[in-house]
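In: Build me a model:
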Amino acid sequence: MRVFDHPEFDHHEQIVFGSDAASGLRAIIAIHDTHRGPALGGLRIFPYASEAEALTDVLRLSRGMSYKSALADLPLGGGKAVIIADPRRDKTPELLRAMGRLVDSLSGHYITAEDSGTSEADMRYIHESTAHVSGLARRPGESGDPSPFTAHGVFCALQSAIRHGLGRADMDGLRVAIQGIGHVGAHLARQLHAAGARLVLTDIDQKALELLAGEVDATTTTPAAIFDAEVDVFAPCAMGAVLTADVAKRLQAGVVCGAANNQLATPDVADLLHDRGILYAPDYVANAGGVIEVEYQRHEDYSRKAVMAHVERITATLDEIFERAGNRGTSPAAIADELARERLLT
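Out: Residues are numbered from 1 along each chain as shown. This is a model prediction of the structure:
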């Protein structure tokens, strides 16, 4: 398996492969950059088709976390972890404790948290083996789940995106297609519904889809048809790499802004969207609300008010990116990458 000449290798500082025969753990931790602070990033459990596929995902995700923390102005670097397993079938307390031991072996250079396939309950098992865990409740009865903050950050990003891309000042009557109604997608749907948006939803979990659609008065469609929905905004909130060249040609929306990580299948898709006049909100800017919340959780003087104020700065960050992109006639993705690299060097 190639590492140093891998197309997604971006001068990563450290890549750790871990296994545990007793629990069946097969994991990869990628630390991209720690110039601004320890590498924080979630743990994804997914039944990757191959080790190569898992490596590609963790390399892309860890770099995205570096960029995300830099543009959110956080004292954090970027990292990510993946476990090659089916979270519904293979996830056990023993597997999670073994993952905790792997995280602990890095002596705080990497801090883990929730991601796709993991929950706050899983983080508690990992916490039995390491202190380097975020996303845990601070007090009994509370939740450490950062999903509501991620969703609110995407909502704030949308405020900027529809203003720059659609010339709209509010969301009343805005047509939004949400792909994926997990923790983040469902929170986003509820917030958009409260703001007057009209929603089209899809998910592979048909029961959850029907329940949420009834709650937010939304229509539903199949996962394959969501790209063709006649809407103003397409919000990817499931897995990454959904914005392919084919999807870029099919989209009816004028704005793409969602919570999924690594939405672009390849970097050139950003240019395809730009050429079609579709405004793309770089995913690691729009979905930074969760990592902002997780960073604040690490400190004793935690303030929800301060967290929300920081999350809502996503709107201003995207305003700057969209304005620069408009002045230069280029995709916002290129501007966001440029700004993130600048901040990583400071």
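In: Could you give the average pLDDT over stretch 179-199?
Out: Mean pLDDT, stretch 179-199: 97.
In: Assign the closest residue to residue 74 other than its chain neighbours to helix, strand or coil.
Out: Once flanking residues are discounted, residue 74 sits nearest to residue 295: 5.0 Å by Cβ to Cβ, 6 or more residues apart in numbering. Just so you know, the C-beta spots here come from the backbone N, C-alpha and C atoms, and that holds for glycine as well. When classified by DSSP: H, G, I helix; E, B strand; the rest coil, residue 295 comes out as helix.
In: Do I have it right that residue 295 meets residue 40?
Out: Yes. In this structure, residue 295 is within contact of residue 40 by Cβ atoms under 8 Å, at 7.1 Å.
In: can you map out the strands along the stretch 101-250 of the chain?
Out: Counting by DSSP state E, counting those that start in this stretch, the stretch 101-250 of the chain has strands at residues 110-111, 175-179, 198-202, 219-220, 233-236.
In: how far off strand 198-202 does the second one point, in degrees?
Out: The reference is to strand 175-179. Strand 175-179 runs at 20 degrees relative to strand 198-202, counting by axes from the mean of the first three to the mean of the last three Cα atoms, to 10 degrees.
In: Distance of residue 34 relative to residue 62?
Out: Residue 34 sits 11 Å away from residue 62, going by Cβ to Cβ, to the nearest Å.
In: neighbour count winner among those two?
Out: A direct count of neighbours by other Cβ atoms under 10 Å for residue 34 and residue 62 places residue 62 higher, at 30 against 18.
In: Might you report the residue contacts of the more buried one?
Out: Counting by Cβ atoms under 8 Å, 6 or more residues apart in numbering, residue 62 touches 12, 30-32, 39, 41, 78-80.
In: Over to residue 199?
Out: 175-178, 189, 192-193, 213, 216-219.
In: okay, these in TSV with neighbour count and distance to residue 237 next?
Out: Shown next, in TSV, are these (neighbours: other Cβ atoms under 10 Å; distance: Cβ to Cβ, whole Å):
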residue	neighbour count	distance to residue 237
175	16	16
176	28	11
177	27	10
178	32	6
189	24	9
192	24	11
193	18	15
213	19	15
216	19	14
217	9	18
218	23	13
219	12	17
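In: quick revisit: between all of the contacts of residue 62, which two are at the greatest distance?
Out: Maximum pairwise distance among the contacts of residue 62 (Cβ to Cβ): 12.1 Å, between 12 and 41.
In: What segments of this structure are helices?
Out: 51-71, 93-104, 120-127, 147-166, 183-194, 206-215, 245-250, 268-275, 283-286, 289-297, 304-311, 314-328, 332-344 (DSSP state H).
In: for these, which one ends up most surrounded?
Out: helix 283-286 (a mean of 28; mean count of other Cβ atoms under 10 Å).
In: gap between it and the chain center?
Out: Helix 283-286 sits 7 Å away from the centroid of its parent chain (Cα atoms, centre = their mean, to the nearest Å).
In: what's the average pLDDT for it?
Out: Mean pLDDT, helix 283-286: 96.
In: helices or strands next to it in the packing?
Out: Under the contact criterion of 3 or more Cβ pairs under 8 Å, 6 or more residues apart in numbering; DSSP states H and E, helix 283-286 touches helix 51-71, helix 147-166, helix 314-328, helix 332-344.
In: The same query, at a cut-off of 7 Å, please.
Out: Packing partners of helix 283-286 (3 or more Cβ pairs under 7 Å, 6 or more residues apart in numbering; DSSP states H and E): helix 51-71, helix 147-166, helix 314-328.
In: residues of stretch 29-49 that come out buried?
Out: 29-34, 36, 38-46, 48 (16 or more other Cβ atoms under 10 Å).
In: That's all I had, so thanks and see you.
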